[in-house]
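Peer 1: predicted structure and sequence below. I'll ask about it afterward.
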Amino acid sequence: MSAVFNFTFVPWFRSVAPYIHKFRHQTFVIALTGEAIAAGKLQSIAQDLAMIQAMGVKIVLVHGFRPQVNEQLAAKGHAARYSHGIRITDSVALDCAQEAAGQLRYEIEAAFSQGLPNTPMAGSTVRVISGNFITARPVGIVDGVDFKHSGLVRKVDVAGIRRSLEMDALVLLSPFGFSPTGEAFNLTMEEVATSVAIALKADKLVFVCEVPGIRTDPEQPESEDNPIDTELPLAQARQMLARVPPGQKPTDTAFYLQHCVKACQNGVERSHIIPFAVDGALLLEIYVHDGIGTMVVDEKLEELREATPDDVGGILQLIEPFEKDGTLVKRDRTEIERDIANYTIIEHDGVIFGCAALYPYPEAGTAEMAAVTVSPQSQGTGDGEKLLKRIEQRARAMGLKSLFVLTTRTMHWFIKRGFQPVDPEWLPEARKKKYNWDRRSQVLVKNL
């Protein structure tokens, strides 16, 4: 059992390392719904946040309290009222909100104060700082509806929050704001989290909520043909929102999506929607390549570019398993360093997930596409096609008329993309001299 554990743990831990390096010193705003706390998820989420902070991430935690306030209102025989997705906060609702916020803050602080042996919190030191970091203004009267003590964020005390984060503290914010006259306003957790993320220029905004993510077709139920869209370009997210009728309830999918879009439009690199129902959802979303929920991004995170000498190590790591199983011909570091300008790579969050090299034979008007590799984690996502298109563009720019590949196992993939098999005698003379007749690679050519 120990050997099996080691076999799975070591490669997994190594795969996580690039994300640990990348996110160190970055700022994440985590928006935790009151529903997650009501479902008993606070302890496990606090443990995961403590681990994330221990890996160098600065965390601002904004908690919601919608079900807790509604519970208190029901106990007092008072109905919860909403309009435009915002609670109408009369004096009774304001009292309930203040009571719920106070109770939840104590619970959250207690969760981060645990340190029992043989638990994830053993040896952890998480200092929680909260305070009057949000200045608010009243919502006022909208379409004839008086929102009373409901408010909107007017200003975020960025300097105060940053000072607290620099002290290695976790900043805890309740959905309350105060006016310069000392009046308290009930805010929505989603607006507070989004406003804080934008003001801090946070690297991530993460909603931990009851919604599992955004599906390819949001109107249809879960199925193999309608999976969670793990990476949603901002333009597509805007199109989805444009089709949504007004008057979204706080529990509707589009309610969170609109805040993700707002954050990305205003400088937050990535915003996420993840389900609290999945244990470890935060860790899975942040430290696993494909994540578990939906990430909205202003542009695709995958960067397709020409390689530099700094990429040699990543290319070697990518192609090594394929060299061992015989899919690729072995190349040593010296060869790759010498030819690095020939390589095109696909990089995602600092990790190389695909590569291909172009070796031109201008006297024959052709070029070889070699070392074509896509990580198993990325196969089936279109990365191979992206690499092929870029290599074709580079070949055309050189004035070449065709592109050829040598392969022993992936000929069908290339044939589907316009390559035709030819006899090895077709090869340019310089390449024919290096052809390995023992390997008997299939030669395929595509006219450009």
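Peer 2: Now that the structure is in, tell me what you want to look at.
Peer 1: low pLDDT regions in this structure?
Peer 2: 1-7, 116, 118, 217-225, 245-252, 299-302 (pLDDT under 70).
Peer 1: got the domain ranges for it?
Peer 2: 2-297, 303-447 (automatic domain parsing).
Peer 1: okay, these, which one's buried deepest?
Peer 2: domain 2-297 (a mean of 18; mean count of other CB atoms under 10 Å). Any C-beta I mention is one placed from the backbone N, CA and C, and that applies to glycine too.
Peer 1: gap between stretch 121-136 and the chain center?
Peer 2: A distance of 24 Å separates the centroid of the chain from that of stretch 121-136, by CA atoms, centre = their mean, to the nearest Å.
Peer 1: again but with stretch 276-290, I slipped
Peer 2: How far stretch 276-290 lies from its chain's middle: 10 Å, per CA atoms, centre = their mean.
Peer 1: show residues contacting that stretch.
Peer 2: 16, 19-20, 23, 28, 30, 32-33, 35-36, 39, 41, 44-45, 48-49, 51-52, 204, 206, 208-210, 212, 230, 272, 274-275, 291-293, 295, 348-349, 351, 353, 377-378 (CB atoms under 8 Å, 6 or more residues apart in numbering).
Peer 1: so which of those residues belong to strands?
Peer 2: Members of these lying in strands (criterion: DSSP state E): 28, 30, 32, 204, 206, 208-209, 272, 274-275, 295, 348, 351, 353.
Peer 1: got JSON lines for those, with distance to P67 too?
Peer 2: Shown next, in JSON lines, are the ones in strands among the contacts of stretch 276-290 (distance: CB to CB, whole Å):
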{"residue": "F28", "distance to P67": "24"}
{"residue": "I30", "distance to P67": "18"}
{"residue": "L32", "distance to P67": "13"}
{"residue": "K204", "distance to P67": "25"}
{"residue": "V206", "distance to P67": "20"}
{"residue": "V208", "distance to P67": "14"}
{"residue": "C209", "distance to P67": "12"}
{"residue": "H272", "distance to P67": "22"}
{"residue": "I274", "distance to P67": "19"}
{"residue": "P275", "distance to P67": "16"}
{"residue": "M295", "distance to P67": "26"}
{"residue": "H348", "distance to P67": "37"}
{"residue": "V351", "distance to P67": "39"}
{"residue": "F353", "distance to P67": "41"}
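Peer 1: among the residues you listed, which two are most distant?
Peer 2: Greatest spacing in these, by CB to CB: L32 and F353 (31.1 Å).
Peer 1: find the residue at the geometric middle of the chain.
Peer 2: Residue closest to the average C-alpha location in the chain (CA atoms, centre = their mean): M295, at 4.7 Å.
Peer 1: that one pairs with what?
Peer 2: Taking DSSP bridges as the rule, M295 bridges to E231, H272.
Peer 1: so it sits right up against E231, yeah?
Peer 2: Yes. Between M295 and E231 there is a contact under CB atoms under 8 Å: 5.3 Å.
Peer 1: so G350 sits against F23, correct?
Peer 2: No. In this structure, G350 is not within contact of F23 by CB under 8 Å, at 10.1 Å.
Peer 1: where do the helices sit along the stretch 101-250 of the chain?
Peer 2: With helices called from DSSP state H, counting those that start in this stretch, the stretch 101-250 of the chain shows them at 158-166, 189-200, 234-242.
Peer 1: how about residues contacting the longest one?
Peer 2: With CB under 8 Å, 6+ apart as the contact definition, helix 189-200 has outside contacts at 27, 29-34, 60, 62-66, 133-134, 152-153, 156, 158, 161-162, 173, 175, 177, 202, 204-205, 207, 250, 255-256, 259, 262-263, 266-268, 271.
Peer 1: do a quick rundown of the strands in the stretch 51-200 of the chain.
Peer 2: Taking DSSP state E, counting those that start in this stretch as the test, the strands found in the stretch 51-200 of the chain are 58-63, 82-83, 86-87, 127-129, 134-138, 141-142, 145-146, 151-156, 169-173, 176-178, 184-186.
Peer 1: any chance of the ones you listed in JSON lines, plus distance to G399?
Peer 2: Shown next, in JSON lines, are the strands of the stretch 51-200 of the chain (distance: least, CB to CB, whole Å):
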{"stretch": "strand 58-63", "distance to G399": "51"}
{"stretch": "strand 82-83", "distance to G399": "65"}
{"stretch": "strand 86-87", "distance to G399": "62"}
{"stretch": "strand 127-129", "distance to G399": "63"}
{"stretch": "strand 134-138", "distance to G399": "61"}
{"stretch": "strand 141-142", "distance to G399": "63"}
{"stretch": "strand 145-146", "distance to G399": "67"}
{"stretch": "strand 151-156", "distance to G399": "56"}
{"stretch": "strand 169-173", "distance to G399": "58"}
{"stretch": "strand 176-178", "distance to G399": "63"}
{"stretch": "strand 184-186", "distance to G399": "67"}
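Peer 1: L387 is nearest to which of these?
Peer 2: L387 lies closest to strand 58-63 among the strands of the stretch 51-200 of the chain, at 35.8 Å (CB to CB).
Peer 1: now the angle from that closest one to strand 169-173?
Peer 2: 30 degrees (axes from the mean of the first three to the mean of the last three CA atoms, to 10 degrees).
Peer 1: paired strands for strand 58-63, with orientation please.
Peer 2: With DSSP bridges as the test, strand 58-63 pairs up with strand 27-32 (parallel), strand 169-173 (parallel).
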